[in-house]
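Asker: give me a 3D structure for the following:
(chains A and B)
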Amino acid sequence: MAQSDAALNAASVLADLWAPITPDAVWEGRTGRGVRVAVVDSGIDDKHPALKDRIKGSVEAVVQGGKISFQPSTSGDAAGHGTACAGIILDVAPDADLYSVKVLGANASGSGDMFLAGLDYAIKQKMQVVNLSLGTTKPEYFGPLHDLIDRAYHAGCIVVAAANNLPQPSFPSIFSSSLVSVIKREGGNPLNFGYRYGEVIELVAPGVQVRTTWPGGGYRQLTGNSFACPHIVGVIARIMEAYPDLTPFQVKTILYAIARQNQEQQAAPGG
Amino acid sequence: MAKKTSRKSDSNGSKKKQQKKRERESSSGGVIDGGGDHSLEARLRTAISAVDVADSLTSPLTNSIENLLQLAAAAMGSDEASVLVRDGNEGGLRFKVAIGEVADKLMGVRIPPGKGIAGFVFSSGQPMAVADVAQEETFYAEVDRATGYSTQTILATPLRVGSEMVGVLEFVNRLGDPPYKPFTPDEMDQAAHFADAIATLVDAHETAGLIESLFERLVKVAGGGAASEGQETGGDLRQWLKDLRSAPEHRDLLQMAVSLRTIAGRGDAERELCRDILDALARYTEKRSASTTSYLGF
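Answerer: This next block holds a predicted model:
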């Protein structure tokens, strides 16, 4: 009984602690203006009517003499995924400064090394938020990715990664430190995301039949964790507009507080 | 009379067996000492028997993949299903097994690295479902152009063995008439289970394919009588391995075997050195792997 009282007290203290953090307080009227966001992916079709003149820069990985470097990209997006993520991010944070770092495609073959190089490039370019729908299960990348995510933390760069919903753990989404990891659920409102406290993949966002931009000027309905990830990237861009100097842990605290309120509202009668 | 004929037949059979045995011995002897019978007939016989052995490895696996794909497509309520496997070492894919209306046209179609939905799924390891419910345009343009088929809804999930990507499993459109219902998250999970089973078969098929090409190679070496030129045969094998379009880990293993054979063949001291180094490496990696595994198990 005493234990139960203690648990109740702890819960009320926590409720007080998170109470001042509300969506209104952190992102009311915000659109992600001026927040530097990188999409490390298959490129972005910047000729799409919904994306035209909204992509601030596009680079792609090239290998020269065994070294990976980044050059301005004009090859668009041959896979569609990066374009889809860009559309979702700009839906949530329409004024974010969006950059494309292409590591998959014609020149960028999508090797693990390129994926790491792309993340490294985004950190060096002082991106504030990175959308990472890619992952690897190869143990040899565990250490290097861990180092990169730590470097992102020290550089004030928030990396958001999609979980893979397969039995094998995928890096970096299973890193629980300074990275924000996301899994999909049904539902259309991007601000109505959830938090799975104590789970390896903490955030839950819309990722089922999401309508978004597709290369060639059209739209598609897409399902996958990698489409839940850009929703959270957009939300973070809004928060970072209001508080540009937040650390990754502070951002996670805010996400947790708001998700908690979202879940309480849904659990309430008529919610 | 019948008995006599029978005996004659036995006798003939026995002679044939002995002749085959001699051919086999001369053929394998050719690898070792460069001697033996290299008649056209002997080489042809060896080549045919080698191809038979290889087919007996790959054919049942291809059939199993196809059967499992049929089951998977029926369970998913899908019209077309296909297994794409890696093509080269740069992230490219090619259709390996397909079922449905345009299955024949799909076979052999290649997808360059990172291209299309399959290319992305293979490169990223992320399963995804895409639906063109408004039927705005064909979004799977290159493959659709090759087959004349109209892809409207698709689910693609990675085929993985351990930490290695071996291909992609795809389900396209639904049974019945359009518009097709998009694939659901539950179906995505279901597809991942089928992918686990199919990936193991694909991996086994790839290994069997390797044995097939290794067999053909050995027959070629034996038939060509290049064996006595030890160094050149090693170099030839290296070139073959370099050009091999297959799993990088398999190719690496074979390359290691060739290197080991070359070094160990230089003398007792070199062979012992190889053994000591490999023993030490095995002990070191055993400790290292144990710590990695414990984390991955979490």
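Asker: where do the helices of the chain begin and end?
Answerer: Let's take chain A. A:2-18, A:23-27, A:81-92, A:112-124, A:142-154, A:225-242, A:248-267 (DSSP state H).
Asker: my bad, the chain I had in mind was chain B
Answerer: Listed from the start of the chain, chain B has helices (DSSP H) covering B:2-33, B:40-76, B:103-106, B:116-124, B:141-147, B:185-224, B:230-243, B:248-264, B:268-296.
Asker: need the helices of chain A in JSON lines with distance to residue B:94, mean neighbour count and mean pLDDT, can you?
Answerer: To be clear about C-beta, it is placed using only N, CA and C from the backbone, and glycine gets the same treatment. As requested, the helices of chain A are exported to JSON lines (distance: least, C-beta to C-beta, whole Å; neighbours: other C-beta atoms under 10 Å in any protein chain shown; pLDDT from 0 to 100):
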{"stretch": "helix A:2-18", "distance to residue B:94": "53", "mean neighbour count": "10", "mean pLDDT": "63"}
{"stretch": "helix A:23-27", "distance to residue B:94": "47", "mean neighbour count": "17", "mean pLDDT": "84"}
{"stretch": "helix A:81-92", "distance to residue B:94": "21", "mean neighbour count": "28", "mean pLDDT": "96"}
{"stretch": "helix A:112-124", "distance to residue B:94": "22", "mean neighbour count": "22", "mean pLDDT": "93"}
{"stretch": "helix A:142-154", "distance to residue B:94": "30", "mean neighbour count": "17", "mean pLDDT": "90"}
{"stretch": "helix A:225-242", "distance to residue B:94": "24", "mean neighbour count": "28", "mean pLDDT": "94"}
{"stretch": "helix A:248-267", "distance to residue B:94": "41", "mean neighbour count": "17", "mean pLDDT": "87"}
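Asker: so which of the ones you listed is nearest residue B:178?
Answerer: Across the helices of chain A, residue B:178 has its closest neighbour in helix A:81-92 (22.3 Å, C-beta to C-beta).
Asker: next, the angle helix B:116-124 makes with that closest one.
Answerer: Between helix A:81-92 and helix B:116-124, the angle formed by their directions is 90 degrees, by axes from the mean of the first three to the mean of the last three C-alpha atoms, to 10 degrees.
Asker: got the residues of the stretch 1-150 of chain B near chain A?
Answerer: The interface of the stretch 1-150 of chain B toward chain A, taken as C-beta under 8 Å from any C-beta of the partner chain, is made up of B:90-91, B:112-117, B:119-120, B:122-134, B:136-137, B:139.
Asker: what subset of those is buried?
Answerer: For the residues of the stretch 1-150 of chain B next to chain A, a neighbour count by 16 or more other C-beta atoms under 10 Å in any protein chain shown gives the buried set as B:91, B:112-117, B:119-120, B:122-133, B:139.
Asker: so where's chain B uncertain?
Answerer: Judged by pLDDT under 70, chain B has its weakly predicted residues at B:1-55, B:133-141, B:216, B:219-251, B:287-298.
Asker: swap in 80 and give it another go.
Answerer: Low-confidence regions of chain B, defined by pLDDT under 80, span residues B:1-57, B:89-91, B:114, B:132-149, B:163, B:212-258, B:260-262, B:264-265, B:284-298.
Asker: looking at it, which residue is nearest chain A?
Answerer: Taking C-beta to the nearest C-beta as the measure, the point where chain B comes nearest chain A is residue B:123, at 3.3 Å.
Asker: that residue is in contact with residue B:93, isn't it?
Answerer: No. Counting by C-beta atoms under 8 Å, no contact exists between residue B:123 and residue B:93, whose distance comes to 9.8 Å.
Asker: OK, contacts around residue B:68?
Answerer: Under the criterion of C-beta atoms under 8 Å, 6 or more residues apart in numbering or on different chains, the contact partners of residue B:68 comprise B:194, B:197, B:198, B:201.
Asker: the longest strand belonging to chain A vs chain B: in contact?
Answerer: Determined from DSSP state E, the single longest strand within chain A is strand A:55-64. No. Legend: contact between strand A:55-64 and chain B by C-beta under 8 Å from any C-beta is lacking; minimum distance shown is 10.7 Å.
Asker: show me the contact partners of that strand.
Answerer: A:43-44, A:46, A:68-75, A:86, A:97-103, A:105, A:107-108, A:114, A:117-118, A:121.
Asker: what of stretch A:230-241?
Answerer: For stretch A:230-241, using C-beta under 8 Å, 6+ apart, the contacting residues are A:26-27, A:30-35, A:37, A:39, A:85-86, A:88-93, A:96, A:128-131, A:133, A:158, A:160, A:180, A:182, A:190-191, A:193, A:203, A:205-207, A:210, A:246, A:251, A:254-255.
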